[in-house]
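this is a predicted model, with the sequence first.
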Amino acid sequence: AADAALARLGLSESAGYIGVHVRRGDSCVKWRQLFNGSDCLSIEEHLPAIQLMSDRYGVRDVFVATDDPAVPQQARERLPGLRVVAVEGNEALWAAMEASKDVWTEDRLRTRRIPAADL
C-alpha cells in the first residue's frame, strides 16, 4: 500500500525524497494552549531545513504532509528548484477538518466528524 501511495505521488524510496509535516490544524490549537499562545511552525520556518537537506543529499523531491490545503502551494512558490508533492484535491475532507480543528484528529475520527476512508 505504501509503495502504491508513493507511486501515485511520483515518489520513489530508491530515489529518495524529503518529507516535511506542517501542522496547522488541531495540533496548533492544543499547542497554543500548552505553550502560552505560540503558534505551530509555518512552512517558512521549515524552508531552511528543506533546502539544507536538498543541497546536502542532492534530493529534489519534497513530500509535504499537512492539514492546511494552502501549504503545498506555498512550498512550491518558495522552493522553485524542487518538486513539491502532497495529497491534494479532497476539498470535502479539508472543509471537515477546518470546521473541527479545535478537536484532535483522533477524536474527529472516533466521532465520525471526518470519515477514516477519506484520509
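Thanks, I have the structure now.

just the helices in this protein please.
Along the chain, the segments classed as helices by DSSP state H run 2-8, 26-34, 43-57, 71-78, 91-99, 105-110.

can you report how many residues neighbour R83?
14 (other C-beta atoms under 10 Å). C-beta coordinates here come from the backbone N, C-alpha and C atoms, glycine included.

please renumber the chain so that the first residue is 190 from this point on.
Understood, numbering begins at 190; the last thing we discussed is R272.

pLDDT wise, what is the residue nearest to it when sequence neighbours are not counted at?
Spatial nearest neighbour of R272, chain neighbours left out: D250 (5.1 Å); criterion: C-beta to C-beta, 6 or more residues apart in numbering. You'll see D250 listed with a pLDDT of 95.

list the residues that contact D250.
Each residue near D250 by C-beta atoms under 8 Å, 6 or more residues apart in numbering is listed here: G199, L200, A204, G205, Y206, I207, L271, R272, V274.

gap between it and R197?
Distance of D250 to R197, given as C-beta to C-beta, to the nearest Å: 14 Å.

next: C217.
28 Å.

what about those two, which has more around it?
C217 (18 against 10).

how many residues are close by the closest residue to that one other than its chain neighbours?
Spatial nearest neighbour of C217, chain neighbours left out: C229 (3.9 Å); criterion: C-beta to C-beta, 6+ apart. Using other C-beta under 10 Å, C229 has 17 other residues around it.

re the thing from before, looking at the contacts of D250, spot the one nearest L241.
The closest of the contacts of D250 to L241 turns out to be I207 (C-beta to C-beta; 9.8 Å).

pretty sure the closest one sits against V253.
No - if you go by C-beta atoms under 8 Å, I207 and V253 don't touch, sitting 9.3 Å apart.

between the two, who's got more neighbours?
Applying other C-beta under 10 Å to I207 and V253 shows that V253 carries more neighbours, namely 25 against 21.
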